[in-house]
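A.B. asks: Pasting the sequence and the predicted coordinates here, then a few questions.
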Amino acid sequence: MARLAAPVLVLTLIATAPAGCAHKELIPGTTVVDSEANREIVKTVEMYRQALEARDVDRLMLLASERYFEDSGTPRADDDYGYDGLKQVLATKLPRVRSLRYYIQYRNIRVDGERAEVEVFLNGAFELLSEAGERYRRVNDYHRFLLEHTAKDRWKFLSGM
């Protein structure tokens, strides 16, 4: 009986070993685990990227939650704004953009209930018409978007736009 038990044990270990080492599938072109929620979130952020490149304020506002809030990454409160402020910022700044390239590398998504945090690396460039003339600027930085899942089964931006 002991002679039979050893080969059965070895075969069992060999058969179950791949299951213990299984790798999670990633959304192609990202380092984000492939799940239905993550695919929907990436789709939403891609709609944002496309609307931004098209400089379409109306489409961008459809992607923003009415609870949107931006603290501008500074400790000052005078540059913070909500949903209405976002519309004003987009309506005044986007028309001054002459050319825009915006690439998003998706690094990680964490979903916690009805909220999601999307970690990305932004690589972009834009040409901005200002009082001083045209200015060309590059963006290469890590960034975080916060989104919420709505009752209409959609993801909307809470911050980061």
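C.D. replies: Cool, got the structure. Computed from a predicted model, the values in this text were never measured in an experiment. Residues are numbered from 1 along each chain as shown.
A.B. asks: what separates the closest residue to residue 114 other than its chain neighbours from residue 38, distance-wise?
C.D. replies: Excluding the flanking residues, the one nearest residue 114 by CB to CB, 6 or more residues apart in numbering is residue 149, at 4.5 Å. Just so you know, the C-beta spots here come from the backbone N, C-alpha and C atoms, and that holds for glycine as well. From residue 149 over to residue 38 the distance is 12 Å, taken as CB to CB, to the nearest Å.
A.B. asks: okay, these two: which has more neighbours?
C.D. replies: The neighbour count for residue 149 versus residue 38, taken as other CB atoms under 10 Å, is higher for residue 38 (21 against 17).
A.B. asks: Is the more buried one in contact with residue 32, as I believe?
C.D. replies: Yes. If you go by CB atoms under 8 Å, residue 38 and residue 32 touch, sitting 5.3 Å apart.
A.B. asks: Spell out the secondary structure type for residue 31.
C.D. replies: Under DSSP: H, G, I helix; E, B strand; the rest coil, residue 31 falls in the coil class.
A.B. asks: and it, how many neighbours?
C.D. replies: Residues near residue 31, counting by other CB under 10 Å, number 12.
A.B. asks: Contact partners for the residue lying closest to it once chain neighbours are set aside?
C.D. replies: Counting by CB to CB, 6+ apart, the nearest residue to residue 31 once its immediate chain neighbours are dropped is residue 107, at 5.5 Å. Going by CB atoms under 8 Å, 6 or more residues apart in numbering, residue 107 touches 30, 31, 32, 119, 120, 121, 142.
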